[in-house]
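Engineer: after the sequence you'll find the predicted model.
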Amino acid sequence: MMFKHMGLLVTDQCHKHIPEMVINISTTVIWDVPVITDRTVLAHRHDTVLHDIKEKTCLLIDLATPYDSNVNTKEAEKLSKYKALEIEVSRKWTVRTKIVLVIVGALRRE
């Protein structure tokens with residue numbers, strides 16, 4: 001939904017999608033690549049970084065699938081882990097930055 005809103009090509013069968021090298025002039029989508037910063041940031045590899053140059057926004061998207069009992073713990077862990085990266089990206093790229101967590105709880109099979 002988010003990618004469609006930005007005018008990016010989205011297919012119903014995501015496992016068959018082959019992304020183009022240059023998708024949109026005003027939007028950069030980076031996945032599984034370290035973000036280069038001026039200062040040392042230990043957690044600098046986000047699942048997906050969505051940088052909208054025109055709107056001057058950047059979404060740092062991270063996915064996790066913990067057991068249901070660990071969802072709150074995982075959320076707090078991810079927010080604190082990537083806070084330094086959020087600050088550095090905001091400062092370096094002069095954008096409004098937000099961490100977006102996609103956390104799906106999993107049931108334990110006993």
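Structural biologist: Here it is on my side, so go on.

Engineer: which residues in the protein form strands?
Structural biologist: 27-31, 48-52, 57-64, 96-103 (DSSP state E).

Engineer: what pairs with the second one, and is each one parallel or antiparallel?
Structural biologist: Looking at strand 48-52 with DSSP bridges, its partner strands are strand 27-31 (antiparallel), strand 57-64 (antiparallel).

Engineer: returning to that earlier point: least confident of the strands of the chain, on average?
Structural biologist: Sorting the strands of the chain by mean pLDDT places strand 27-31 lowest, at a mean of 79.

Engineer: among the strands of the chain, which comes closest to K74?
Structural biologist: strand 57-64 (5.1 Å; Cβ to Cβ). For every residue, glycine as well, the C-beta is placed using N, CA and C.

Engineer: and L101, what does it touch?
Structural biologist: 62, 64, 75, 78-79 (Cβ atoms under 8 Å, 6 or more residues apart in numbering).

Engineer: counting neighbours, what do you get for the residue lying closest to D62 once chain neighbours are set aside?
Structural biologist: Spatial nearest neighbour of D62, excluding adjacent residues (Cβ to Cβ, 6 or more residues apart in numbering): D47 at 5.0 Å. Other residues within reach of D47, judged by other Cβ atoms under 10 Å, total 14.

Engineer: could you check how far D47 is from K92?
Structural biologist: 20 Å (Cβ to Cβ, to the nearest Å).

Engineer: and the residue nearest in space to the middle of the chain, what does it touch?
Structural biologist: The structure's the chain has its C-alpha centroid closest to I61; by Cα atoms, centre = their mean the separation is 1.9 Å. By Cβ under 8 Å, 6+ apart, the contact list for I61 reads 46-50, 100, 102.
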